[in-house]
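K.L.:
turn this into a structure:
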Amino acid sequence: MNAAKRIARRGLRASRRVLRRAVGRAYTRWRRSIQVRVVTSTLVISAVVVAILGAFLQQQISAALMESKIKAAMLQLDEGLGRVQRDLGGPSSDDDGRLDSVVNALKARSGPSGLYEIYIRDAKNPYYDGFATNELRQESVPQRLREELRRGPSGARVYTFGKLSYIGRDREPGLIVGGKTGQFELYYLFPLTQEERTLTRVAWSLLAVGAVLVLLLAAIASLVTRQVVIPVRLAAQGAQRLAAGRLEERMRVRGEDDLARLATSFNEMAANLQEKIGELENLSQVQRQFVSDVSHELRTPLTTIRIAADMIYEHRDTFDPAVARSAELLQSQLERFESLLTDLLEISRYDAGAATLDAESLDMRDLVLRAVGDIQGLAERTGSKVVLQLPGEPCMAEVDRRRVERILRNLLVNAVEHGEGEDIVVTVAADRDAVAVAVRDHGVGLKPGESQMVFDRFWRADPARARTTGGTGLGLAISKEDAQLHGGWLQAWGEPGKGSQFRLSLPRVAGAELRGSPLPLVPPGVRDSRAVFAELEAGE
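P.N.:
Predicted coordinates:
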């Protein structure tokens, strides 16, 4: 018994999964396809309209049929009342015999098919009260109809719809009409079985015609929308290929209608876009070449100036205080200029595609310790304390020592610069496929949208802030390029007043695809409604 219940529950769960998948696929198709939405809308609207029209036609046909039946029944009643008045109006010694004769004569006019039944009642002779046939019961004539006719004057006529009760048979719908002449009440009972069959056939016919009409309308809508959707779909596919870099993509122009004009406009847009992108590429190439040439050309005079500056700086103690201060300023600005030139040369290598990876297996903990040691003096001058959270086991990965150390130094310097003197937390973690380093500060943080802009060249979060390190504005941009050269991620999170966190994620094996990170992008304890968006924005 329990096994049967488990099997039934499994079957029910499997059916639900199949149903959910089918509904999900149908909804996805409906959401993504204009043609499906138009056909579905046409089906629904036309079905509602056809249902309303069908119900209206059914009601009109039923009303017309019943009205015709009532008119025919009233004519039959008038004829029967005339016969009763003519045959039973005078005195006679055999009233019961005349009643039977009249009833049988009226019944005989019904024919062998039994179009109606006769019920007659003599108000002065309560013992004569019955049908011309023994198949019908007296309750077939509603009591309220009898009372209404009895209260009416001579010649009154009434009718109603009800159920005819037969002896040994099921009740059937019927029309009961009654009239009064003198002391006699005459009722005709018309079965409506045939009319009900007719209305049922009409209803099924209307339903079939309506279903066919709805399907035809859906087919017409599908054909019409197909003529419109196919060119639009081709335009969308062309736009996707254009966005993918295939600038030679063009649409075929057919005819002179609106869709042809759309194709012409698309082709003109693609041609203009190709031309502009070509111009921008040429300009970008010229700019990159200019930066590369200038950076290399500045190397020689900078080296000469640096030698002379070093000599002046070494003898600054023998100079006047003003000259000695000038020598110190010259030395610091030359160092800053040399750092900027180095960064420009590195950027030019990336732009030229000449950057290479010299990977070796290293412990990320050692690289973090060296980077922290390099910026320890700067952190002490700003009042920041670097807190390390390192795992007990080695975090080995195939990386380029020089580039990873540069990334870590840039992240730490950035944290010190914007950390407002608060603690800086450096976390290292690893899993089977990747290693990660997160640098967390508790400073000014980042505004919405700045988590991507922070890696742009020469971008600064707040140009009005006083700087202490004299950075070039290229550090994070170069760090991003270094991380991507490893096949890894360099991502940022931040909120105003809550600080920021930069996360470096690298694959353990050089060239492997990075699928996830051992560390969360958003620090624990500050996860909010923007966290999911931040993760998606970061590329996970």
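
K.L.:
okay, CA-based contacts and neighbour counts for the rest of this
P.N.:
Noted.

K.L.:
all strands in this protein, in order from the N-terminus.
P.N.:
Along the chain, counting by DSSP state E, strands occupy 117-122, 129-131, 157-164, 172-181, 184-191, 360-363, 386-389, 396-399, 424-430, 434-441, 489-495, 499-507.

K.L.:
mind listing what the residue lying closest to L514 once chain neighbours are set aside touches?
P.N.:
Distances taken as CA to CA, 6 or more residues apart in numbering place P507 nearest to L514, at 5.6 Å, with adjacent residues excluded. Contacts for P507 (CA atoms under 8 Å, 6 or more residues apart in numbering) come out as 397-398, 433-435, 486-488, 513-514.

K.L.:
which of those residues sits closest to L341?
P.N.:
H486 (23.6 Å; CA to CA).

K.L.:
doesn't G511 make contact with the closest one?
P.N.:
Yes. The pair H486 and G511 passes the contact test of CA atoms under 8 Å, sitting 7.0 Å apart.

K.L.:
quick one, which of those two is more surrounded?
P.N.:
Counted by other CA atoms under 10 Å, H486 and G511 do not tie: H486 has more neighbours, with 27 against 13.

K.L.:
what's the pLDDT at the more buried one?
P.N.:
For H486, the pLDDT comes out at 88.

K.L.:
count the neighbours of the nearest residue to A429 once chain neighbours are set aside for me.
P.N.:
Nearest residue to A429, sequence neighbours excluded (CA to CA, 6+ apart): A436, at 5.5 Å. A436 has 25 neighbours, counted by other CA under 10 Å.

K.L.:
wait, what's in contact with A436?
P.N.:
428-430, 503-506, 517-519.

K.L.:
among these, which pair sits farthest apart?
P.N.:
Between any two of the contacts of A436 (CA to CA), the greatest distance is 12.7 Å, for A430 and R503.

K.L.:
which parts of stretch 263-280 are buried?
P.N.:
263-264, 266-267, 270-271, 274 (16 or more other CA atoms under 10 Å).

K.L.:
hang on, I meant stretch 27-35
P.N.:
Those would be 30, 34-35, for stretch 27-35 by 16+ other CA under 10 Å.

K.L.:
a markdown table please, covering these and showing distance to V141.
P.N.:
What follows is the buried residues of stretch 27-35, written out as a markdown table (distance: CA to CA, whole Å):
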| residue | distance to V141 |
| --- | --- |
| W30 | 58 |
| I34 | 61 |
| Q35 | 60 |
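
K.L.:
mind putting the residues you listed into TSV with pLDDT?
P.N.:
Shown next, in TSV, are the buried residues of stretch 27-35 (pLDDT from 0 to 100):
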residue	pLDDT
W30	70
I34	72
Q35	73
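
K.L.:
okay, and which of these map to helices?
P.N.:
30, 34-35 (DSSP state H).

K.L.:
care to break this protein down by domain?
P.N.:
1-30, 76-197, 247-355, 360-465+472-538 (automatic domain parsing).

K.L.:
who touches A243 in this structure?
P.N.:
A243 neighbours (CA under 8 Å, 6+ apart): none.

K.L.:
and the pLDDT at it?
P.N.:
73.

K.L.:
one step back: widest-spaced pair of the buried residues of stretch 263-280?
P.N.:
Among these, A263 and Q274 lie farthest apart (CA to CA), at 16.2 Å.

K.L.:
rewinding a little: quick one: which of the contacts of A436 has the most company?
P.N.:
L506 leads the contacts of A436 on contacts (other CA under 10 Å) with 31 neighbours.

K.L.:
what are the bridge partners for it, then?
P.N.:
V435 (DSSP bridges).

K.L.:
so who does it touch?
P.N.:
397, 434-436, 483, 486-489, 514.

K.L.:
using JSON lines, lay out those residues together with distance to E185.
P.N.:
Listed next are the contacts of L506 as JSON lines, based on distance: CA to CA, whole Å:
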{"residue": "A397", "distance to E185": "110"}
{"residue": "A434", "distance to E185": "103"}
{"residue": "V435", "distance to E185": "105"}
{"residue": "A436", "distance to E185": "104"}
{"residue": "A483", "distance to E185": "107"}
{"residue": "H486", "distance to E185": "108"}
{"residue": "G487", "distance to E185": "104"}
{"residue": "G488", "distance to E185": "103"}
{"residue": "W489", "distance to E185": "101"}
{"residue": "L514", "distance to E185": "99"}
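
K.L.:
pick the one among those residues closest to V372.
P.N.:
Among these, and counting by CA to CA, the member closest to V372 is A436, at 15.8 Å.

K.L.:
where's the closest one relative to L390, distance?
P.N.:
Distance check for A436 against L390: by CA to CA, to the nearest Å, it reads 11 Å.

K.L.:
ok, now how distant is I375 from F458?
P.N.:
Distance from I375 to F458, by CA to CA: 22 Å.

K.L.:
between the two, who's got more neighbours?
P.N.:
Applying other CA under 10 Å to I375 and F458 shows that I375 carries more neighbours, namely 16 against 13.

K.L.:
that older thread, make JSON lines from the contacts of A436 and add distance to S326 and pLDDT to it.
P.N.:
As requested, the contacts of A436 are exported to JSON lines (distance: CA to CA, whole Å; pLDDT from 0 to 100):
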{"residue": "V428", "distance to S326": "43", "pLDDT": "92"}
{"residue": "A429", "distance to S326": "47", "pLDDT": "92"}
{"residue": "A430", "distance to S326": "49", "pLDDT": "91"}
{"residue": "R503", "distance to S326": "40", "pLDDT": "93"}
{"residue": "L504", "distance to S326": "40", "pLDDT": "92"}
{"residue": "S505", "distance to S326": "44", "pLDDT": "92"}
{"residue": "L506", "distance to S326": "44", "pLDDT": "92"}
{"residue": "S517", "distance to S326": "49", "pLDDT": "90"}
{"residue": "P518", "distance to S326": "49", "pLDDT": "91"}
{"residue": "L519", "distance to S326": "47", "pLDDT": "90"}
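
K.L.:
among those residues, which one sits closest to G174?
P.N.:
Using CA to CA, these come closest to G174 at S517, 81.3 Å.

K.L.:
pull the number of nearby residues for K5.
P.N.:
10.

K.L.:
A123 too?
P.N.:
Neighbours around A123, by other CA under 10 Å: 14.

K.L.:
which ones are touching it?
P.N.:
183-185.

K.L.:
mean confidence for stretch 281-292?
P.N.:
Mean predicted confidence for stretch 281-292 is 67.

K.L.:
phi first, then psi, for R508.
P.N.:
The phi and psi values for R508, taken as degrees, to the nearest 10, are phi -70, psi -40.

K.L.:
OK, contacts around it?
P.N.:
So R508 contacts 396-398, 432-435 (CA under 8 Å, 6+ apart).

K.L.:
max pairwise distance over these: which two?
P.N.:
Maximum distance among those (CA to CA): 13.3 Å, for E398 and R432.

K.L.:
ok, the two, which is more surrounded?
P.N.:
Just comparing E398 and R432: by other CA under 10 Å the higher neighbour count belongs to E398, 19 against 9.

K.L.:
pLDDT-wise, which helix or strand of this structure ranks last?
P.N.:
Scoring the helices and strands of the chain by mean pLDDT, DSSP states H and E places helix 531-538 at the bottom, with a mean of 46.

K.L.:
backbone dihedrals for D423, please?
P.N.:
Taking degrees, to the nearest 10 as the convention, D423 sits at phi -60, psi 150.

K.L.:
what's the closest non-adjacent residue to it?
P.N.:
K385 (4.8 Å).
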